[in-house]
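**Q** Predicted coordinates and the sequence they were generated for:
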Amino acid sequence: MSPAQAIDGSADLACWRARAERAEAAAVRLRQENAELNARVAALSAEVGRLQEAVTTLSGLLFGTSSEKRAPAARGGGGEDGAGGRSHGARRRGQRPGAPGHGRRSYAHLETEERVIDLEPQERCCARCGTGYEFIGTEDSELIDWRVKLIRILLRRRRYRRRCGCDGPKTACAPPAPKVVPKGLFTAGFLARLLHEKYVLGRPVHRIVAALAAEGLEIASGTLAGELRQVAPLLAPWAQAIAARGRQAGHAHCDETSWQVFEDVADKENHRWWLWVFVTPDTTVFVMDPSRSARVAAGQLGIDLDQTALEAGRRLVISSDFHRAYQSLARIDGVDALWCFAHIRRYFLRAGAAHPDELGQWCAAWTERIAVLYRAHHALAATIPGTGTHEQALQRYQRAFTSLDAARIQQAGLAADGLLHPAAARVIATLDNEWDGLARHQDLPQLPLDNNTAERALRNSVIGRKNFYGSGARWAADLAADVWTITATAAQNGLEPLPLLQDYLTACAQAGGTAPAGADLEPFLPWTPQGRARRAVPAGTRRGPGP
């Protein structure tokens, strides 16, 4: 080979080597880009899955039925085997055949108006001979009429003039009639019904105005709003007394929901406030606050957030969901948190609804475990402590918890190894994180497994929110919370809110437009001897035997 050929061969080799290196670099770059694209695709696929799960969950919340409504086949309860339905199908609504009746309800306590219905004169004698019939009595029945009556009360205060020459005022006039609002137009009964219509029945003011107009009273919405603002300071001490009673309780159901208050507040960017509820054995307290922080709950429950423990000798049990406000309170020594099993059940149902093919059976298995726990809890509540039946029910209750705990530990291990569906792994992680608060029910079987008590207490307020969207000012929001505190506590203790409101406002009027205090307030507090006396149900409202 000549020198020239050797040089050409070396040049070609170098050229091909360079091309090979460039190709290899390009291949490495492409493999890296492909890996990045695959990772991006995987991330986007996961994001699509999460969004689909969120859409399914939100659609179910908006359009679906409640996850706590039982299917018809499961409404009969179950036995020891944990079955949800009855062997002969679900029990039908209404009175069962052969069961004793309750008798007709008596309405004798209502105002009665008698009407006599008689035969025509020609029908009260014999058609053939004309001899008159003998009256032998009446055949009685009753009708119930519903009348709304607006009355204009014209007050005529009689005035007198002195006829003698003695010293003193020349004239005398009868004192003014007691009024709730000194210069107001409405009686205590009217204002009590106004509060009842708006806050108990959930009717917005413009509908109340329309209803009054239909009965002949033309009045402006602003007039009613002004009266409500005048009444608000009178109701506040009553609500505060109920709240003070609630702070003494050892157990409280807590929950909160959003509420719109259309008044600008410093350092708050929006109009979203929060309506809190705290249900104790004999009070239901509502608190309206711009914040959803633990400070609100701590204030009502009598907890000092600056301390690491409650005062000596005090224990407080809180039934709630997993919101971080309650998580903060649970860190204080002396506060025992009972998390809601209904909430954790919803996590399983939502994951199963979002991924029915992959997680349908998994969801059904977990909801059945929780159903077995509920049935065991109901069976335990139906027994008498100290009996053999109670001990058997308690053992069944403990077994239900043991089964749940074992399944939790086993599936937490699967999730750690990546062997569980991501949506299922997130639910198991939540269950694992909150297990201490859920498992504490095992030591407190006398308390409910869920926080439905607080959620039901908020139902009336949520209906009002749908009807009148919120409150136009802070005073109106505080008034709403105070009225709900009063009326819900009354209903909780078996008292009818409307006459209770009327009696209280009458007492305010008789006191010159000021709120009762001290001993004068005790008749309106259900836990006092005077308040308990109001719980007696009038005889006419009880079911009595038929005629």
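**A** Great, that's in hand.
**Q** Below-threshold pLDDT in the stretch 401-547 of the chain: ranges please.
**A** Counting by pLDDT under 70, the ranges of the stretch 401-547 of the chain that qualify are 536-547.
**Q** quick one: the helices in the stretch 251-400 of the chain?
**A** Remark: helices assigned in the stretch 251-400 of the chain by DSSP state H, counting those that start in this stretch are 294-301, 324-330, 341-354, 356-381, 388-416.
**Q** now the angle from the last one to helix 341-354?
**A** Same thing as helix 388-416. Per axes from the mean of the first three to the mean of the last three Cα atoms, to 10 degrees, the angle that helix 388-416 makes with helix 341-354 is 40 degrees.
**Q** Can you tell me which helices and strands helix 388-416 packs against?
**A** Counting by 3 or more Cβ pairs under 8 Å, 6 or more residues apart in numbering; DSSP states H and E, the packing neighbours recorded for helix 388-416 are helix 356-381, helix 422-433, helix 435-439. For the C-beta atoms, the positions are set from N, CA and C on the backbone; glycine is no exception.
**Q** Pull out the buried positions in that helix.
**A** 393-394, 396-397, 400-401, 404, 408, 411-412, 415 (16 or more other Cβ atoms under 10 Å).
**Q** how far out from the middle of the chain is that helix?
**A** When C-alpha coordinates are averaged (Cα atoms, centre = their mean, to the nearest Å), helix 388-416 and its chain have centres 30 Å apart.
**Q** do the shortest one as well
**A** Taking Cα atoms, centre = their mean, one finds helix 324-330 lying 20 Å from the centre of the chain it belongs to.
**Q** when you give positions from now on, start the count at 58
**A** Done: numbering now begins at 58, and the last item shifts to helix 381-387.
**Q** other SSEs contacting that helix?
**A** Applying 3+ Cβ pairs under 8 Å, 6+ apart, we find helix 381-387 packed against helix 351-358, strand 373-377, strand 392-396.
**Q** out of the helices and strands packed on helix 445-473, nearest to Arg216?
**A** helix 413-438 (67.7 Å; Cβ to Cβ).
**Q** What residues sit buried inside that closest one?
**A** Applying 16+ other Cβ under 10 Å to helix 413-438 flags 416, 419-420, 423-424, 426-434, 436-437 as buried.
**Q** swap in stretch 228-242?
**A** Quick answer for stretch 228-242 (16+ other Cβ under 10 Å): 235-238, 241.
**Q** Likewise for stretch 552-560?
**A** Going by neighbour count (16+ other Cβ under 10 Å), the buried part of stretch 552-560 is 552, 554-555, 557-559.
**Q** Is it possible to get CSV of these that adds distance to Glu90?
**A** What follows is these, written out as CSV (distance: Cβ to Cβ, whole Å):
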residue, distance to Glu90
Leu552, 74
Pro554, 70
Leu555, 74
Leu557, 75
Leu558, 73
Gln559, 78
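**Q** Looking at the residues you listed, spot the one nearest Glu78.
**A** Closest approach between the buried residues of stretch 552-560 and Glu78, by Cβ to Cβ: Pro554, at 88.0 Å.
**Q** And whichever strand or helix holds Trp532, what does it pack against?
**A** Using DSSP states H and E, the element containing Trp532 is helix 531-549. With contacts defined as 3+ Cβ pairs under 8 Å, 6+ apart, helix 531-549 has these neighbours: helix 278-303, strand 329-336, strand 341-346, helix 516-525, helix 554-567.
**Q** Need the buried residues of helix 445-473 in JSON lines (columns: distance to Arg161).
**A** Listed next are the buried residues of helix 445-473 as JSON lines, based on distance: Cβ to Cβ, whole Å:
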{"residue": "Ala450", "distance to Arg161": "38"}
{"residue": "Leu451", "distance to Arg161": "43"}
{"residue": "Arg453", "distance to Arg161": "42"}
{"residue": "Tyr454", "distance to Arg161": "42"}
{"residue": "Ala457", "distance to Arg161": "44"}
{"residue": "Phe458", "distance to Arg161": "47"}
{"residue": "Leu461", "distance to Arg161": "48"}
{"residue": "Arg465", "distance to Arg161": "53"}
{"residue": "Gln468", "distance to Arg161": "56"}
{"residue": "Ala469", "distance to Arg161": "59"}
{"residue": "Ala472", "distance to Arg161": "60"}
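**Q** of those residues, closest to Ala99?
**A** Checking the buried residues of helix 445-473 against Ala99 by Cβ to Cβ gives Ala472 as the nearest, at 18.6 Å.
**Q** Next up, the contacts around the closest one.
**A** 481-482, 485-486 (Cβ atoms under 8 Å, 6 or more residues apart in numbering).
**Q** Now restrict those residues to buried residues only.
**A** By 16+ other Cβ under 10 Å, those give 481-482, 485 as buried.
**Q** just to revisit the earlier point, going by distance to Ser67, which of the buried residues of stretch 552-560 wins?
**A** Nearest to Ser67 among the buried residues of stretch 552-560, counting by Cβ to Cβ, is Pro554 at 104.4 Å.
**Q** Surely the closest one touches Ile543?
**A** Yes. Between Pro554 and Ile543 there is a contact under Cβ atoms under 8 Å: 7.2 Å.
**Q** Helix or strand with the lowest mean pLDDT in the chain?
**A** helix 60-120 (a mean of 78; mean pLDDT, DSSP states H and E).
**Q** mind checking how far that helix is from the chain centre?
**A** For helix 60-120, the distance to the chain centre is 54 Å (Cα atoms, centre = their mean).
**Q** Between helix 398-411 and that helix, find me the angle.
**A** 130 degrees.
**Q** which residue packs closest to Ala548, ignoring adjacent ones?
**A** Excluding the flanking residues, the one nearest Ala548 by Cβ to Cβ, 6 or more residues apart in numbering is Pro554, at 6.2 Å.
**Q** ok, so what distance separates that neighbour from Asn517?
**A** In this view, Pro554 and Asn517 are 11 Å apart by Cβ to Cβ, to the nearest Å.
**Q** Please identify every residue contacting each of those two.
**A** In contact with both Pro554 and Asn517: Val257, using Cβ under 8 Å, 6+ apart.
**Q** How many neighbouring residues does the closest residue to Ala568 other than its chain neighbours have?
**A** Counting by Cβ to Cβ, 6+ apart, Asp577 is the residue found nearest to Ala568 once chain neighbours are left out, at 7.5 Å. Asp577 has 13 neighbours, counted by other Cβ atoms under 10 Å.
**Q** So Asp577 sits against Cys565, correct?
**A** No. Look at Asp577 against Cys565 with Cβ under 8 Å: they stay out of range, at 10.0 Å.
**Q** for the buried residues of stretch 228-242, which one is nearest Phe405?
**A** Among the buried residues of stretch 228-242, and counting by Cβ to Cβ, the member closest to Phe405 is Val237, at 52.2 Å.
**Q** Tell me where the longest strand sits in the protein.
**A** If you go by DSSP state E, the chain has its longest strand at strand 308-317.
**Q** So what are the sheet partners of that one and their directions?
**A** Paired strands of strand 308-317, with direction, are strand 329-336 (antiparallel), strand 373-377 (parallel) (DSSP bridges).
**Q** sorry, back to before: and the residue nearest to Ala548, what is it in contact with?
**A** 253, 257, 543-544, 547-548.
**Q** Could you turn the buried ones of those residues into a PyMOL selection?
**A** Remark: buried members of the contacts of Pro554, expressed as a PyMOL selection using 16+ other Cβ under 10 Å:
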select buried, resi 253+257+543+544+547+548
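**Q** ok so, going back, dump the helices of the stretch 308-457 of the chain into a markdown table; add distance to Val374 as well.
**A** A markdown table is the format used below for those (distance: least, Cβ to Cβ, whole Å):
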| stretch | distance to Val374 |
| --- | --- |
| helix 351-358 | 11 |
| helix 381-387 | 11 |
| helix 398-411 | 15 |
| helix 413-438 | 16 |
| helix 445-473 | 18 |
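**Q** one step back: next one: the residue nearest to Ala568 from Asp539, what distance?
**A** 18 Å.
**Q** closest to Ala229 out of the helices and strands packed on helix 381-387?
**A** Checked against Cβ to Cβ, the stretch from the helices and strands packed on helix 381-387 lying closest is helix 351-358, at 51.5 Å.
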